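Novice: no sequence for this one, just the structure:
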């Protein structure tokens with residue numbers, strides 16, 4: 001009896017150690033191959049969306065499969081091209097008034113320093129002004145072109161993967177594995193609801209920013225749309241992102257606080273009231289699991305990992321739930337204590 005008990009604990013300890021080693025190896029593999037895996041995973045998620053568009057075109061307009069596939073890919077390319085074009089134009093228009101905003105920043109800083117000095121706090125005004133004059137924020141904006149080139153190279157790789165997925169689906173047998181079918185179904189529902197919520201949030205933000213004639217309004221609306229895919233912290237970053245430009249343009253005026261208030265209300269209503277209602281039970285992940293996965297995937301894959309953290313973790317949970325020895329881990333990820 002004692003030997004059986006010792007063997008049981010030995011096997012359990014060995015399994016835990018092997019799992020930890022395997023997790024470390026997989027994490028190292030994800031970090032080492034992220035340049036290829038990130039575009040691949042993104043293309044898979046885009047494929048699930050474009051496959052639905054292709055199916056809609058075939059059934060609604062009776063398009064042949066090759067024409068529906070071609071239209072879906074061209075639609076995606078045109079959407080990305082328009083985003084890049086509008087972003088470059090908006091940044092260019094902002095840079096034309098760079099000196100005006102720099103002077104506005106200096107004037108506001110002088111007013112703030114005057115108020116501070118009236119309360120008996122001594123501040124070196126010349127040092128602050130020199131620092132603000134040398135602030136490299138405008139140089140950062142001028143480097144947007146280089147960043148866009150990097151994004152464009154990844155985008156071309158994503159298009160290549162998606163083309164293989166879409167045109168190769170004809171020769172691929174239908175999915176029959178229950179775990180894969182559940183993953184595809186959950187990811188499709190999540191992406192559809194998240195895409196709809198993000199579009200609504202971006203449109204509302206664009207209306208608010210354009211209504212107050214904010215510079216770079218379209219760029220900020222685009223970032224708000226994208227950041228809505230990042231759980232928990234995405235909405236906070238989306239609201240705070242326009243603050244520097246709002247400050248340069250309006251200072252600490254009523255417009256400044258009105259815009260921030262409206263953006264906060266829009267993010268709260270859509271993200272905490274409308275989105276959970278349509279998402280329902282969602283992906284069966286505990287909020288603590290969502291935050292932990294966000295931290296892990298951000299450390300492993302950077303910003304793309306933050307966007308992909310929830311669907312990747314949900315897919316992992318489904319796989320773990322199908323394996324006998326890891327079912328307890330899947331239950332724990334859902335916030336349920338294993339029996």
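Specialist: Thanks, I have the structure now. Here the structure is a predicted model, which is why all the values come from computation and not from measurement. Numbers count the residues shown, from 1 in each chain.
Novice: Now the element after the helix or strand hosting residue 222, going C-ward?
Specialist: Using DSSP states H and E, residue 222 maps to helix 217-227. Using DSSP H and E, the helix or strand that follows helix 217-227 towards the C-terminus is helix 233-240.
Novice: so what does that following helix touch, helix or strand wise?
Specialist: If contacts are counted by 3 or more C-beta pairs under 8 Å, 6 or more residues apart in numbering; DSSP states H and E, helix 233-240 sits against helix 217-227, helix 254-269. The C-beta positions use only the backbone N, C-alpha and C, and glycine is treated the same way.
Novice: how far out from the middle of the chain is that helix?
Specialist: In this view, helix 233-240 has its centroid 11 Å away from the chain centroid, taken as C-alpha atoms, centre = their mean, to the nearest Å.
Novice: That helix vs helix 254-269, what angle?
Specialist: 160 degrees (axes from the mean of the first three to the mean of the last three C-alpha atoms, to 10 degrees).
Novice: Show me how far the next helix or strand after helix 233-240 is from its chain's centre.
Specialist: The element immediately downstream of helix 233-240 (helix or strand, assigned by DSSP H and E) is helix 243-250. Computed by C-alpha atoms, centre = their mean, the chain-centroid distance of helix 243-250 equals 24 Å.
Novice: okay, the angle between helix 243-250 and helix 254-269?
Specialist: 150 degrees.
Novice: Quick one: mean pLDDT over helix 243-250.
Specialist: Averaged across helix 243-250, the pLDDT comes to 81.
Novice: Report the buried residues of that helix.
Specialist: For helix 243-250, burial by neighbour count (16 or more other C-beta atoms under 10 Å) applies to 245, 246, 247, 248, 249, 250.
Novice: How about stretch 47-59?
Specialist: Buried-residue list, stretch 47-59, by 16+ other C-beta under 10 Å: 47, 48, 49, 50, 51, 53, 54, 57.
Novice: From those, pick the one nearest residue 218.
Specialist: Closest approach to residue 218 among the buried residues of stretch 47-59 (C-beta to C-beta): residue 49, at 22.5 Å.
Novice: I figured that closest one hits residue 196, correct?
Specialist: No - the pair residue 49 / residue 196 is not scored as a contact, 11.4 Å apart, by C-beta atoms under 8 Å.
Novice: in stretch 264-281, what counts as buried?
Specialist: 266, 267, 270, 271, 275.
Novice: whoops, stretch 59-78 was the one
Specialist: Buried residues in stretch 59-78 (16+ other C-beta under 10 Å): 63, 68, 69, 70, 71, 72, 73, 76.
Novice: Please dump these into CSV; it should also carry pLDDT and distance to residue 209 for every row.
Specialist: Below are those laid out as CSV (pLDDT from 0 to 100; distance: C-beta to C-beta, whole Å):
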residue, pLDDT, distance to residue 209
63, 82, 37
68, 82, 35
69, 79, 36
70, 82, 35
71, 85, 32
72, 81, 30
73, 79, 31
76, 78, 25
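Novice: Turn the residues you listed into a markdown table, columns for distance to residue 25.
Specialist: A markdown table is the format used below for those (distance: C-beta to C-beta, whole Å):
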| residue | distance to residue 25 |
| --- | --- |
| 63 | 45 |
| 68 | 41 |
| 69 | 37 |
| 70 | 41 |
| 71 | 42 |
| 72 | 37 |
| 73 | 36 |
| 76 | 35 |
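Novice: quick one: which of those residues is nearest residue 303?
Specialist: residue 76 (20.4 Å).
Novice: what's the helix or strand for the closest one?
Specialist: Applying DSSP H and E, one finds residue 76 within helix 65-96.
Novice: And for residue 300?
Specialist: Using DSSP H and E, residue 300 sits in helix 287-301.
Novice: Which SSE is immediately downstream of that helix?
Specialist: Heading C-terminal from helix 287-301 (DSSP H and E), you reach helix 303-322.
Novice: If you count neighbours, what's buried in the very next helix or strand once past that following helix?
Specialist: Sequence-wise, the next helix or strand beyond helix 303-322 is helix 327-333, with elements assigned using DSSP H and E. Buried residues in helix 327-333, counted by 16+ other C-beta under 10 Å: 329, 330, 331, 332, 333.
Novice: could those go into JSON lines alongside distance to residue 110?
Specialist: JSON lines is the format used below for the buried residues of helix 327-333 (distance: C-beta to C-beta, whole Å):
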{"residue": "329", "distance to residue 110": "58"}
{"residue": "330", "distance to residue 110": "59"}
{"residue": "331", "distance to residue 110": "60"}
{"residue": "332", "distance to residue 110": "56"}
{"residue": "333", "distance to residue 110": "54"}
